[in-house]
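>>> Using only what follows, build the 3D model:
(4 chains)
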There are 2 protein chains.
Amino acid sequence: MNIPAFNNKDCGSCPIRHQAVCSRCEQDELAVLDSIKFYRSFEAGQPVIWAGDPLDFVASVVVGVASLSQTMEDGRVQVTGLLLPSDFLGWPGRSAAVYDVTAVSDLTLCCFRRHPFEELLESTPNIGQRLLQMTMDELDAARDWMVVLGRKTAREKIASLITIFVRREAHLQKVETPDGTSFDLPLTREAMANYLGLTLETVSRQISALKRDKVILLKSKRRIMVPDFSKLLVESGD
Amino acid sequence: MNIPAFNNKDCGSCPIRHQAVCSRCEQDELAVLDSIKFYRSFEAGQPVIWAGDPLDFVASVVVGVASLSQTMEDGRVQVTGLLLPSDFLGWPGRSAAVYDVTAVSDLTLCCFRRHPFEELLESTPNIGQRLLQMTMDELDAARDWMVVLGRKTAREKIASLITIFVRREAHLQKVETPDGTSFDLPLTREAMANYLGLTLETVSRQISALKRDKVILLKSKRRIMVPDFSKLLVESGD
DNA sequence: AACGTGCTTTGATCTATGTCATGACCCCTT
DNA sequence: AAGGGGTCATGACATAGATCAAAGCACGTT
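You can find the predicted model right below:
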């Protein structure tokens, strides 16, 4: 039981300082945010909050991946969002979580107490305007994902998911061409299935098929290498 | 070629005055908005804008229904959003449309020139804050729809879509219980299919099945009556 | 009244993906 | 080394929904 530590509590050297909801803030605004912030960490697999539970903070993802999901009465699960570093988590104006939130990998959140944060949204335009921008981007991403869920084949779905991880990895490594990028899948086959609207067996079969067709190379069950990104893009259907 | 007219250009008696992006505005703020606004109307079936085309306004839907959609290279289409009266259309901060926008029924938009509107977002908190609230609600709605696309059966999808229309109709008529609500489907079978990630044949078959099972009654191919809303909800899977 | 067009329904058949079942692999504990 | 839990791969089979095809219906036009 090792809770991942995050010891760097200084905004000045925060890894998401210039992408997160606080990115437009000046020193004085940052000081106010600092007074209502605290960090929380979660182990991979642990729940952050369940839908309907009271939630008195909002947060930025600092390190790791979180998922938003909904579960139907009979147990069917759909993941409706992946939150990567700098993404915003929370529902200003609501006192309870709307969706289940789970730490997919080890996760560190920079949390802000909800009430004072809501006051800052009214009083500090740089925060509200940045959050509006981020929320509109998330909405476009959600709409793009609907095409994946509604119209793509299983193979295209898997390829689409892998492109997300490749792009993220290339971005993190500041590489301009993503050819040859390799990385660890942060999701289990089951979690991928729940994000893609498939079963885990189909996910497994399609990954095997992409491997057989040399679109991806598997160094281990989790570690993937993409030799030719454009080939992957063709397989993803867009 | 009869473009639907909308002659009421006075915000004071605008039907969406208290739900739209302008809902929090005071008289003086409304006067500024008024100076950058104009109305546009579209016939059912007409395109409003294509993805990628330059778009120099944002808008509120005043009357009618618009759809957002994406088309894949091989022609597969996914509708990623329905915009009903008071919903916001547009991409502040972007000079081009992100998705195809189509008038599903006869449609009237209250348009604001984009550049001055963006300035208002900076200078008039009541507008930016309302837009943030609306965008977060849209994002939650998009995530709810992902469950429909990813995890529901064809029958559940149809039932889910009908509940949306029933709720809207009951809301418009200010009826508290939606039992017995009747209304015209604003979408063709094909448009429903594109929203639900199905083919039009499957849509047609499932509507026939729900009719056979007395979940819905069809007065004509388009006009629907829902005798027992709770029965419909059960069929929708949530 | 006849015709054409867009929308819808329905039938027959096919297929991608789900379901069920088994075994492999890997890592941790004893 | 043996056992056990979590994860993953793969085969055999079932089925929901897609595809292909035909025809019905509601219209506006000639």
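>>> hang on, A:Ile162 packs against A:Leu232?
Yes - with the criterion set as C-beta atoms under 8 Å, A:Ile162 and A:Leu232 qualify as a contacting pair; they are 6.2 Å apart. Using the backbone N, CA and C atoms, a C-beta is placed for each residue, glycine as well.
>>> just the helices in chain A please.
A:27-35, A:114-123, A:125-151, A:154-172, A:189-196, A:200-212, A:229-236 (DSSP state H).
>>> list residues touching both of A:Ile162 and A:Leu232?
A:216, A:226 (C-beta atoms under 8 Å, 6 or more residues apart in numbering or on different chains).
>>> Enumerate the residues of chain A near DNA strand D.
Counting by C-beta under 7 Å from any atom of the strand, chain A comes close to DNA strand D at A:45, A:185, A:188-190, A:200-201, A:203-205, A:207-208, A:218, A:221-222.
>>> I'd like to know which residues of chain A are adjacent to DNA strand C.
Proximity of chain A to DNA strand C (C-beta under 7 Å from any atom of the strand) is limited to residues A:153-155, A:197-199, A:201-202.
>>> Mark which of those are buried, thanks.
Burial by neighbour count, judged by 16 or more other C-beta atoms under 10 Å in any protein chain shown, picks out A:154-155, A:197-198, A:202 from the residues of chain A next to DNA strand C.
>>> and which of those is nearest to chain B?
Distance to chain B across those (C-beta to the nearest C-beta) is lowest for A:Gly197, with 3.0 Å.
>>> So what's the residue count around the residue nearest to that closest one when sequence neighbours are not counted?
Across the structure, with C-beta to C-beta, 6 or more residues apart in numbering or on different chains as the measure, the residue nearest A:Gly197 apart from its sequence neighbours is B:Gly150 (3.0 Å). The burial metric for B:Gly150, expressed as a neighbour count using other C-beta atoms under 10 Å in any protein chain shown, is 26.
>>> Contacts only, for B:Gly150.
With contact taken as C-beta under 8 Å, 6+ apart, B:Gly150 is in contact with A:78, A:149, A:196-197.
>>> Correct me if wrong: A:Leu218 contacts A:Arg212.
No - taking contact to mean C-beta under 8 Å, the distance of 10.5 Å between A:Leu218 and A:Arg212 leaves them out of contact.
>>> Show me the two of the contacts of B:Gly150 that sit farthest apart.
Comparing all pairs in these by C-beta to C-beta, the longest separation belongs to A:Gln78 and A:Leu196, at 9.6 Å.
>>> Format the residues of chain A next to DNA strand C as JSON lines; extra columns: distance to A:Ser123 and pLDDT.
Formatted as JSON lines, the entries for those read as follows, by distance: C-beta to C-beta, whole Å; pLDDT from 0 to 100:
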{"residue": "A:Thr153", "distance to A:Ser123": "49", "pLDDT": "98"}
{"residue": "A:Ala154", "distance to A:Ser123": "49", "pLDDT": "98"}
{"residue": "A:Arg155", "distance to A:Ser123": "50", "pLDDT": "98"}
{"residue": "A:Gly197", "distance to A:Ser123": "42", "pLDDT": "98"}
{"residue": "A:Leu198", "distance to A:Ser123": "45", "pLDDT": "98"}
{"residue": "A:Thr199", "distance to A:Ser123": "49", "pLDDT": "98"}
{"residue": "A:Glu201", "distance to A:Ser123": "52", "pLDDT": "98"}
{"residue": "A:Thr202", "distance to A:Ser123": "50", "pLDDT": "98"}
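>>> touching chain B at all, stretch A:134-143?
Yes - Stretch A:134-143 lies within reach of chain B by C-beta under 8 Å from any C-beta of the partner chain, at A:135-136, A:138-140, A:142-143.
>>> And that stretch, what's buried?
Neighbour-count burial for stretch A:134-143, counted by 16+ other C-beta under 10 Å, picks out A:134-136, A:138-140, A:142-143.
>>> In chain A, which residue is most central in space?
The centroid of chain A falls nearest to A:Leu83 when counting by C-alpha atoms, centre = their mean (2.0 Å).
>>> Contacts only, for that one.
Listed by C-beta under 8 Å, 6+ apart, the contact set of A:Leu83 reads A:61, A:65-68, A:89, A:101.
>>> run the last query once more with 6 Å
For A:Leu83, the contacting residues are A:61, A:66, A:89, taking C-beta atoms under 6 Å, 6 or more residues apart in numbering or on different chains as the criterion.
>>> can you put these in JSON lines and add pLDDT and neighbour count?
Below are the contacts of A:Leu83 laid out as JSON lines (pLDDT from 0 to 100; neighbours: other C-beta atoms under 10 Å in any protein chain shown):
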{"residue": "A:Val61", "pLDDT": "97", "neighbour count": "22"}
{"residue": "A:Ala66", "pLDDT": "96", "neighbour count": "22"}
{"residue": "A:Leu89", "pLDDT": "98", "neighbour count": "24"}
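>>> Now the residue of chain A found nearest DNA strand C. Nearest residue, chain neighbours left out?
Closest approach between chain A and DNA strand C, counting by C-beta to the nearest atom of the strand: A:Thr202, at 3.1 Å. In space, and not counting its chain neighbours, A:Thr202 is closest to A:Ala154: 5.1 Å by C-beta to C-beta, 6+ apart.
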